[in-house]
Structures are given as C-alpha cells and as structure tokens.
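Enquirer: Structural data only, the sequence is not supplied:
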C-alpha cells in the first residue's frame, strides 16, 4: 500500500501547486485522496492561511488487478540519479473487484536471471538498467526481472530515495510501531559511508523519520534480510495508519506543500499517470486491513547458495514461489500467512489463458512421425497461437514426459495446453530467460501427450 500511498501524496501536492490561479487569487486543489476533507471555498487573496476548496476525483472503475513495483534506493546527498542498487523491492497489488490488496517483499540478495544480463542479485537490475541506458532505465529492467521471477505483469513502478521517506515521516509527526525485540546494530551505515551504533528497545515506540528509516533498514537481527523486509512492511502500515487515522495530519501536510513537493519531485520517479494515481488511491482507501495480504520471499521459498565467486545468495525455489504468487495475487486465495505456515490449500492459477497471448513452439520428442504437426493442428483448433514446430533440439526422441519451458511467466497457458493434450496433473514448467527463443513457451512432446 505504500506505493499507492506515497504516490497519492505526491499527486496531491502536485495538483495543489499547479491548481493555483494567481491572477484570480483563487486556489482549487485535488487534495489527499486517502483522507478526504470537507468541501470549502476560497475568498480573498492567497495567503498561507487561505481556505482551500477540496475536489476529489472519482474512484477508478477498472476491473483489472494493478501491480506496482516499489523501489527504494540509497541515494545520498550529491549522488546522481543513476547508479543505485535497490535497497528495498516490493510488489504492491490492488484488486478493484474484491477490494483486496497484497504486499510482497523481495530480498535484495535473491539470485535471479536479469533479462539480457545473465544471473545476478535482483537488487542490481535497477543499477544495470540505469548505467546501460536500458529502454525505460533501471526501473524498466527491474520490472522485467520481477515479472520473470513471479510470472505476473508489473504494470507500473515507483522509485523513491530514503531522504524523502525520512522527511515525510517527520512531517506527519512520526510513526508508532510495536518493536518485537531489542535491536543493537553496531555497524549501521551512515550517509558519509561510515558506521554508527543504532539501538532500539522492544515495546511500543514512536519513531521519527531518521529512526524509522534505521529500524526499517537494519539487518542486525537473527533473520537478517528477511526480518528487515517484515519491519519495512510494519513501517508502511504505521505510515498508512497515521495518515488515514488522524484528520489533522493532511491539513498540516498541505500547509507545507510547496516545500514537500520540492523535495518529492526530485526524490520520486514513477511511470504511473497522475490521474490514475489519484483514482487508484481513492479506491485503495476502502480496502479493509484484513483484506491486505502480506508476505516475504524468505527461507521458505529460497535456498542459500554460495556462487563460484564466493557470494552468499538466495536462489528462489520456483515451485514454492508459484504457490506464494497464487496465494497473494489470485482473488479468493488463502492468505499468504496460511501458505507460509503450510496450512490450507493454494488457489489455482488464473484460468483465462487467452489473456496471456502466449506464443508457443511445439517440438517432437517422440518417434511418432508428424506428431508435432498433429499437435499444432489440435492446439490451433483450440485457439492457441503456435509460431513454429519441429523436432527436439537435443536430437532425442525418447521423451516419456512432455516438457514445458515458460520464458514469459504465462502459467495459465501451460495449464490449458497440458489439459488439451490430456496431461494430468499439469506439470511445473521450467522457468528460463532467453530473448532469442522467439516464443513465450516451448513444448517438447513426450509419450504422455495425446493428439488425434
């Protein structure tokens, strides 16, 4: 929710400043859409105490789920815009039909394929994309990387630095969190590239901006990066509660809107249109807390591996990642907490395979002459898009089980094709990244596939 929340604040201040008509000495503002204010009118010249007329946009009326990638970067004073690894990565999702939301934290040491760059830590995607002038920059490459990991589309991104976060928390009067354990970090990194000692004791604590940032960033607990991700989610909800729970907070923000927007416009970057930000945030305020699913890609979904270069990284276990994805991003699924505890059932993958528009290559891995062509005829008759057929690339014709390789994260199509070929249950496809393949899914037919 922080992504939509932070964007809504930026949108509000943006609209406030650009809504001023100095010649008429009037002001009209689209003000914070998470905490609507009563309507009023403006009279007389504009001053710091002018009464502002609040006009709210209509809530978004779309039906499709919106997924936003939130990127937090450690951009310090004097740093340029490019060349930053992401310290925080979250996928925030809003389902307008069920009025539910989801928040998934991605650890920065997750070892994944980065499209066009080979495998590396996921926090390098933004860095690589910026330095190499990737189309759309670092955030665009980060979106592609996360899409390949999760198999869900990432519609938009928001990238924010930590200075803006600190300033905003201070402006709302700090946030209140329940610290679960004493934390003593003797090597917390400072802005001058040194270290300092950061401590906070367990209990209910109200944190200012600098302390909230340290609390969210420190790794000095037993769970390391995984604990840190959970604290970040905790701080996000604390910010949300503060802004939506106190009717005095937003007027106070408005009073300093010029300075706040001056800070935010250089600290926040997004590809989401302003009007969509406003309308989605107005919808998001109606999502009940119990309908917000949260999860962290932690040790339940990864394997700790040492690379040949000696790096300690987390390698995703795709079968478990897929279960977590379905729990978070499928309407009506069990909560992510239930999945992480090992209880309940996992909702099936989405069934609307036609919406995925997958391009498929069919290869024959059996001794049946013309088998790939017959399968092509069968699948095209069902509406699938087959772009090529041929024999298995490794020259083998002894495949017993059909193999699926999913290059674009299109699980619904894999399931639908498997069903059309009489393969039950649907297999877990291999997930690979290879832009040169020219297809989204490659199928190597085995003896278990059925076709007329």
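Expert: That came in fine, so what should we check first? Treat the numbers as computed from the prediction; the structure is a model and nothing was measured. Numbering: from 1, shown residues only.
Enquirer: Buried residues, the host helix or strand of residue 225. List them.
Expert: Using DSSP states H and E, the element containing residue 225 is helix 224-245. Buried positions in helix 224-245, judged by neighbour count with 16 or more other CB atoms under 10 Å: 225-240, 242-243. From N, CA and C alone the C-beta is placed, and that goes for glycine too.
Enquirer: Off-centre distance for it?
Expert: Chain-centre distance of helix 224-245: 15 Å, with CA atoms, centre = their mean, to the nearest Å.
Enquirer: Show me what it packs onto, helices and strands only.
Expert: The helices and strands touching helix 224-245, judged by 3 or more CB pairs under 8 Å, 6 or more residues apart in numbering; DSSP states H and E, are helix 2-18, strand 86-95, strand 100-105, strand 175-179, helix 209-217, helix 249-255, strand 292-296.
Enquirer: ok and that helix relative to strand 175-179, angle-wise?
Expert: 140 degrees (axes from the mean of the first three to the mean of the last three CA atoms, to 10 degrees).
Enquirer: Quick check: the residue at minimal distance from the centre of the chain vs residue 71, distance?
Expert: Nearest to the mean C-alpha position of the chain, counting by CA atoms, centre = their mean, stands residue 91 at 1.7 Å. To residue 71, residue 91 is 11 Å away according to CB to CB, to the nearest Å.
Enquirer: burial measure for residue 361, as a count.
Expert: Using other CB atoms under 10 Å, the number of residues around residue 361 comes to 22.
Enquirer: quick one, phi psi at it?
Expert: phi -110, psi 130 (degrees, to the nearest 10).
Enquirer: Which of the helices and strands packed on helix 224-245 comes out lowest on mean pLDDT?
Expert: With a mean of 41, helix 2-18 has the lowest mean pLDDT of the helices and strands packed on helix 224-245.
Enquirer: What ranges does the stretch 51-200 of the chain have for its helices?
Expert: Using DSSP state H, counting those that start in this stretch, the helices of the stretch 51-200 of the chain run over 125-131, 137-150, 162-171.
Enquirer: Hmm, residue 394 and residue 364 touching each other?
Expert: No - counting by CB atoms under 8 Å, residue 364 does not reach residue 394; the two are 11.9 Å apart.
Enquirer: show me what contacts residue 69?
Expert: When contacts are counted by CB atoms under 8 Å, 6 or more residues apart in numbering, residue 69 touches 3, 89-92, 139, 142-143, 146, 154, 156-158.
Enquirer: Just say helix, strand or coil for the residue lying farthest from the centre of the chain.
Expert: Ranking residues of the chain by C-alpha distance from their mean position (CA atoms, centre = their mean) puts residue 369 at the top, at 45.8 Å. Following DSSP: H, G, I helix; E, B strand; the rest coil, residue 369 is assigned to coil.
Enquirer: Can you list the low-confidence ranges for the stretch 301-450 of the chain?
Expert: Scanning the stretch 301-450 of the chain for pLDDT under 70 picks out 331-351, 432-436.
Enquirer: Walking through it, point out its helices one by one.
Expert: Using DSSP H, counting those that start in this stretch, helices in the stretch 301-450 of the chain cover 318-329, 336-341, 371-381, 411-420.
Enquirer: What sits closest to the residue nearest to the centre of the chain if chain neighbours are left out?
Expert: residue 104 (4.6 Å; CB to CB, 6 or more residues apart in numbering).
Enquirer: got it, and residue 294?
Expert: Closest residue in space to residue 294, ignoring its immediate chain neighbours: residue 103 at 4.7 Å, by CB to CB, 6+ apart.
Enquirer: how near is the closest residue to residue 115 other than its chain neighbours to residue 85?
Expert: Counting by CB to CB, 6+ apart, residue 115 lies nearest to residue 144, which is 4.9 Å off, once chain neighbours are set aside. For residue 144, the distance to residue 85 equals 17 Å [CB to CB].
Enquirer: again, but for residue 301
Expert: Distance from residue 301 to residue 85, counting by CB to CB: 21 Å.
Enquirer: Kindly report the same for residue 284.
Expert: 29 Å.
Enquirer: cool, residue 293 as well?
Expert: Using CB to CB, we find residue 293 at a distance of 27 Å from residue 85.
Enquirer: Which one of these two is surrounded by more residues?
Expert: residue 293 (21 against 18).
Enquirer: Show me the domain layout of the chain.
Expert: The chain breaks down into these structural domains: 66-224+287-341, 353-445 (assignment by automatic domain parsing).
Enquirer: I'd like those domains laid out as JSON lines, including distance to residue 451.
Expert: Below are the domains of the chain laid out as JSON lines (distance: least, CB to CB, whole Å):
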{"stretch": "domain 66-224+287-341", "distance to residue 451": "27"}
{"stretch": "domain 353-445", "distance to residue 451": "5"}
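Enquirer: ok so, going back, what's the residue nearest to the centre of the chain in contact with, if anything?
Expert: Counting by CB under 8 Å, 6+ apart, residue 91 has contacts 67-70, 102-104, 106, 146, 150, 152, 154.
Enquirer: so the helix holding residue 225 versus helix 162-171, what angle?
Expert: 40 degrees.
Enquirer: Okay, the residue nearest to the centre of the chain and residue 228: tell me how far apart.
Expert: 17 Å.
Enquirer: Can you check which of the helices of the stretch 301-450 of the chain gets nearest to residue 96?
Expert: Of all the helices of the stretch 301-450 of the chain, helix 318-329 sits nearest to residue 96, with 13.6 Å by CB to CB.
Enquirer: Which elements pack onto that closest one?
Expert: Counting by 3+ CB pairs under 8 Å, 6+ apart, helix 318-329 packs on strand 100-105, helix 137-150, strand 292-296, helix 336-341.
Enquirer: Pretty sure residue 391 sits against residue 372.
Expert: Yes - the criterion here is CB under 8 Å, and residue 391 meets it with residue 372 at 7.3 Å.
Enquirer: Does residue 449 touch residue 403 like I think?
Expert: No - look at residue 449 against residue 403 with CB under 8 Å: they stay out of range, at 10.3 Å.
Enquirer: which one of these two has more residues nearby?
Expert: Higher neighbour count among residue 449 and residue 403: residue 449, with 27 against 16, using other CB under 10 Å.
Enquirer: Number of residues surrounding the closest residue to that one other than its chain neighbours?
Expert: Of all residues not flanking residue 449 in the chain, residue 421 sits nearest, at 4.4 Å (CB to CB, 6+ apart). Using other CB under 10 Å, residue 421 is surrounded by 21 other residues.
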